[in-house]
Each structure stands twice: as structure tokens, then as C-alpha cells.
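Student: give me the fold of what follows.
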Amino acid sequence: MNQSAGKTRLRISFVMLGLAAAALVVVYAMVSLLDAWRAGQQTPRLAADSLVKALRAHHQQTGRFPADFRELEAHVWKHKKIPDFGADGRSLSVANYYYLYHPVNAQACTIWIVPIGPRREEASTHFLLLAPANLRRWKGAPLSLDEIRKLPPAPSYAEMAVLGLTEQQQIVLGGRR
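Tutor: You can find the predicted model right below:
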């Protein structure tokens, strides 16, 4: 009887060892998945295409670009929960990117798109000059917080070069000219 009790204890020990090993594998997999999910949430994701589309829709409706994001919200976006557009209505943070909007005139606007957040160094800064017929784009390395505070609404080519931005291929857009 004593021998059978020892074998039972040994079997239970192996079962417990197997369960512990299985639990360790499951926990490791869950931690790895959670880390990957967190990294994905912290990585800046560009939403420039939807912003350009909304600005173009506003321009087609009114014949001009909006004065700020609040006007764009009222005419095009119409969110149930209105985002924070900053004190002047021209800034927006979405998916670890900071968008800074400036209307130049009725037929042109500029948009600074700067990565923010803990993984900002992995993304690029963008500058867009949008007109009804075309979209001119510049791209460069992420800017420092000091550089972000000093961004001009419509920079010169020299200022773009100092910021390390290079012009990308222009996009010709359809629609009214």
C-alpha cells in the first residue's frame, strides 16, 4: 500500500508539472501579444488621407477651405463626440500624430503632421500644401518639441531644408479648379 501511494504522488507531481509548463507557455504568449498590441497602439499612424478628403469635401460644398477644424467638424465630419481641436480650433491629435491646420486663402491650406508619443522617432513629419487641383507634400524626420512650437504656417523652401523636409511627388487631384 505504501508503494502505491508513492506512485500516485509521483503521477500527481508529473501532472502538476505539465499543468505548470502549459500555464507558463500560455502566460508567455499572452504577455507577448499584449506587448505587441501596446507597441501598435503607441506607433504613430498617419490619417492624412482622410483629412485631405474631408478638406476637399468642405471645399466642394462651400467653395473655400474651412477657417479651422471646428468648421470642418460642422460641415463634414459631424462626430457624435467632438474631438478637442485646441484653443484656436486648428490642432488635432489622432493616432499619435499632431495635426496643425492653417488656411492660406480660399483656394489653399497647409497642414503640419508631426509624430508624437513614446514611439515618435519611428515615424516621419509631413507638411502638406493642399489646393483644389493638387496636393504638394514634404516629408522628413520627426521634429523636436522646440521645433514644433516654432512651426511657420507656410514655410519657405529654406525653412523646409533647415527642418530636413524633402518634397515628395506632387499629387494631381480631380474636381473643380
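Student: sketch out the low-pLDDT regions of the chain for me.
Tutor: 1-7, 175-177 (pLDDT under 70).
Student: what about the helices in it?
Tutor: Ranges of helices in the chain, per DSSP state H, are 2-42, 48-62, 69-72, 145-149, 157-162.
Student: output those helices as TSV; include the columns distance to Asn134 and mean neighbour count.
Tutor: The C-beta positions use only the backbone N, C-alpha and C, and glycine is treated the same way. Putting those into TSV (distance: least, CB to CB, whole Å; neighbours: other CB atoms under 10 Å) gives the following:
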stretch	distance to Asn134	mean neighbour count
helix 2-42	33	10
helix 48-62	11	16
helix 69-72	20	20
helix 145-149	26	11
helix 157-162	17	12
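Student: what sits against the closest residue to His79 other than its chain neighbours?
Tutor: Leaving aside its chain neighbours, His79 sits nearest to Glu73 (6.6 Å; criterion: CB to CB, 6 or more residues apart in numbering). By CB atoms under 8 Å, 6 or more residues apart in numbering, Glu73 lies in contact with 79, 82-83, 85.
Student: scan the residues you listed and report the most crowded one.
Tutor: Within those, most neighbours by other CB atoms under 10 Å means Phe85, with 19 neighbours.
Student: name the nearest residue to that residue, sequence neighbours excluded.
Tutor: In space, and not counting its chain neighbours, Phe85 is closest to Phe69: 4.2 Å by CB to CB, 6+ apart.
Student: how about Gln169?
Tutor: Arg137 (7.7 Å).
Student: distance of that neighbour from Lys150?
Tutor: Separation of Arg137 from Lys150 (CB to CB, to the nearest Å): 21 Å.
Student: ok, those two, which is more surrounded?
Tutor: Arg137 (20 against 10).
Student: my read: that one touches Thr125, true?
Tutor: No. If you go by CB atoms under 8 Å, Arg137 and Thr125 don't touch, sitting 11.3 Å apart.
Student: hey, what's Leu129 bridged with?
Tutor: Counting by DSSP bridges, Leu129 forms beta bridges with Thr110, Arg136.
Student: what's the burial count for it?
Tutor: Residue neighbour count, defined by other CB under 10 Å, stands at 18 for Leu129.
Student: same check on Arg119?
Tutor: Residues near Arg119, counting by other CB under 10 Å, number 16.
Student: which residues touch it?
Tutor: Arg119 neighbours (CB under 8 Å, 6+ apart): 39, 42-44, 96.
Student: any chance of CSV for these, columns distance to Gln168?
Tutor: Shown next, in CSV, are the contacts of Arg119 (distance: CB to CB, whole Å):
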residue, distance to Gln168
Ala39, 27
Gln42, 25
Thr43, 21
Pro44, 18
Asn96, 21
